[in-house]
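Q: give me a model of this one.
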Amino acid sequence: MLPGQLDRIRRTEFGTMRAVRAMFQGDLNPRIGPTMAYRFRDVDHADGVLYCGGAELHLRERKNRLPVYRRPDVSVSGSMYESWLGNRWFGNWLTDDCDTYFLAAEAGQPLTTAPVPAAGHVARYEALQGMAPRRIGDAHFTDLVLFDNILNNEGRIARAKARRALLTRGFDTSPGPGVFLMRGQTGDRRLLVNELALAEHLERRHGFRVMLPAEHSVDELVAACARAPVIVGVEGSQLTHGLVAMPGGGALLTIQPPERVTAALKLVCDRMGLRFGVVVAEGDADSFRVDPAEVDRTLELLT
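A: The predicted structure follows:
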């Protein structure tokens, strides 16, 4: 990042101000522990919540206001790979839940409460990765395996590399132009008011390909990102299309609103063997502006 970027941060997301600043500066040294699998018996899933004894694990927001249910008639056993974050944000599903799927497949029948995807990018990503989970509703588990798969340990790094190979198999991976993945007004409101002007600038000056993921298929996105040495965009789930496909050693440049700065994608870049850059924009959490000259100078630091 350019000098002075940290001074623009007014609020952080998914971490304290101190932790996010430390992660951006590269001086955070967390303990990298193992991935854990936990086996439970007699677990009920009802209305998006797992119940076992007196404990609860929420996978999605309940539809019913009261946590009252009757033990489901359906009885199953298997391994679950989904998470609250993955059900809430597409980017967490693509980078985290899909990774855990492969652990679930090794441990037994992979299960999910997510419905069959009717639209969007999920179905094609499942197909490219060979994901074939059993989809369940309310059910009683005689045996259930859950995973703590948060840390960037050697196994997780190896799975990320293997998933990249699966996703880009059959696509041209020779070096190509950088990609600007526009956010537009998709997802939670995070509006870069001069996004179109920045896209035109990157296309004209640096030869970037500009893409709005909502308007492109998974194959089109993978085809572009598998060749991209650098990907630029507003911090958000749309950038994960690039992270899972772009070549190792590439770079991600995130543009972040000053009141919602997060290092979440920095962790993904570390796992994927990618370099990471950040420009903190000026404005507020959902409407902000970035100076194209600062983007240019940060790209020089990354390339």
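Q: in which helix or strand would I find the residue nearest the centre of the chain?
A: The centroid of the chain falls nearest to residue 91 when counting by CA atoms, centre = their mean (2.9 Å). Per DSSP states H and E, residue 91 falls inside helix 90-92.
Q: can you list contacts of that helix?
A: Helix 90-92 has contacts (CB atoms under 8 Å, 6 or more residues apart in numbering) with 83, 85, 86, 120, 121, 122, 187, 236, 237, 238, 239, 240. Every residue, glycine included, has its C-beta placed from N, CA and C.
Q: check the offset of the helix or strand where the third one lies from the chain's centre.
A: With the criterion set as DSSP H and E, the secondary-structure element containing residue 86 is helix 84-88. For helix 84-88, the distance from its own C-alpha centre to the chain's C-alpha centre is 10 Å (CA atoms, centre = their mean, to the nearest Å).
Q: state the mean pLDDT of the lengthiest helix in the chain.
A: When the chain is parsed with DSSP state H, its longest helix is helix 154-168. The average pLDDT for helix 154-168 rounds to 94.
Q: that helix packs against which elements?
A: With contacts taken as 3 or more CB pairs under 8 Å, 6 or more residues apart in numbering; DSSP states H and E, helix 154-168 sits against helix 98-107, helix 122-128, helix 264-272.
Q: how does it look with 6 Å?
A: With contacts taken as 3 or more CB pairs under 6 Å, 6 or more residues apart in numbering; DSSP states H and E, helix 154-168 sits against helix 264-272.
Q: could you give the angle of the helix it packs on to helix 98-107?
A: With axes from the mean of the first three to the mean of the last three CA atoms, to 10 degrees applied, the angle from helix 264-272 to helix 98-107 works out at 50 degrees.
Q: who's in contact with the helix or strand of the chain with the lowest mean pLDDT?
A: Ranked by mean pLDDT, DSSP states H and E, the helix or strand of the chain with the weakest confidence is strand 191-192, at a mean of 86. With contact meaning CB atoms under 6 Å, 6 or more residues apart in numbering, strand 191-192 is reached by 234, 286, 287.
Q: quick one: strands adjacent to that strand?
A: strand 287-289 (parallel) (DSSP bridges).
Q: separation between residue 104 and residue 166?
A: 16 Å (CB to CB, to the nearest Å).
Q: between these two, who's got more neighbours?
A: Neighbours were counted for residue 104 and for residue 166 using other CB atoms under 10 Å; residue 104 has more, 25 against 13.
Q: re earlier: what pLDDT, on average, does the helix holding residue 91 get?
A: The model assigns helix 90-92 a mean pLDDT of 93.
Q: what segments of the stretch 151-300 of the chain are strands?
A: Secondary structure of the stretch 151-300 of the chain (DSSP state E, counting those that start in this stretch): strands at 179-181, 191-192, 209-211, 230-234, 251-256, 275-280, 282-283, 287-289.
Q: elements contacting the first one?
A: Packing contacts for strand 179-181, counted by 3+ CB pairs under 6 Å, 6+ apart, involve strand 209-211, strand 230-234.
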